[in-house]
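**Q** got a sequence here, can you build the structure:
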Amino acid sequence: MNFKMTETPIKDMVVIEPTIFGDERGYFMEVYHEKKFRDMGLEATFVQDNESKSKKGVLRGLHFQAKMPQGKLVRVLSGSVYDVGVDLRKGSPTYGKWHGVVLTSENQKMLYIPEGFAHGFLVLQDAVFTYKCTNFYAPEYDSGIIWNDPTIGIQWPVDSVEEMILSEKDKELNILSEKGSPFYYKNNK
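**A** All right, here's what the predicted structure looks like:
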């Protein structure tokens, strides 16, 4: 198996570590392999790849699509980010809970955030960030919750950045209790 999958405390959200084959020339690794992912129990079908570049201190999120929800397989090509998923599936044993992982170009870890989650990240070192999505981007369904919602209590590593940089849109998002969630937990495992 070329991938190691580790469960997080949040139901259905997992960390995936590829096997890296390296020598004096550099390295090679598989980033995604449909059959191997399915064999590990991750049965996502990806339809769109996205990439963003952000400078240190940028916080993007917490975003989700209210309809046409997206599962995301996220990774960092250069730099480092603190990546967070928040379970928004009503009825889930981990509803309203969050988990964060440091993703770097050195550790090559990936995080799978299922459909029905909010997603965000804080850039710890200038970064190029890429993610595979299970659904197409639909701006008409774009939604989110505020990054510092006190009822969720994400412990962002803000001490590691001199200045937090948020978009105007992200500054105006509501807390989860005001926003509500359009998602429901499907216990089919």
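**Q** all strands of the chain, in order?
**A** 3-7, 14-18, 21-23, 26-28, 48-54, 59-65, 72-87, 89-90, 98-104, 110-113, 117-133, 142-144, 183-184 (DSSP state E).
**Q** and the last one, what does it pack against?
**A** Just to be clear, that refers to strand 183-184. Applying 3 or more CB pairs under 8 Å, 6 or more residues apart in numbering; DSSP states H and E, one finds that strand 183-184 contacts strand 89-90. To be clear about C-beta, it is placed using only N, CA and C from the backbone, and glycine gets the same treatment.
**Q** any idea which of the strands of the chain is most buried?
**A** strand 110-113 (a mean of 26; mean count of other CB atoms under 10 Å).
**Q** hmm, back to that, as CSV, the strands of the chain with distance to N174 and mean pLDDT would be great.
**A** Formatted as CSV, those follow (distance: least, CB to CB, whole Å; pLDDT from 0 to 100):
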stretch, distance to N174, mean pLDDT
strand 3-7, 30, 94
strand 14-18, 29, 94
strand 21-23, 46, 90
strand 26-28, 43, 89
strand 48-54, 23, 97
strand 59-65, 11, 96
strand 72-87, 14, 98
strand 89-90, 17, 96
strand 98-104, 17, 98
strand 110-113, 20, 98
strand 117-133, 12, 97
strand 142-144, 9, 95
strand 183-184, 16, 92
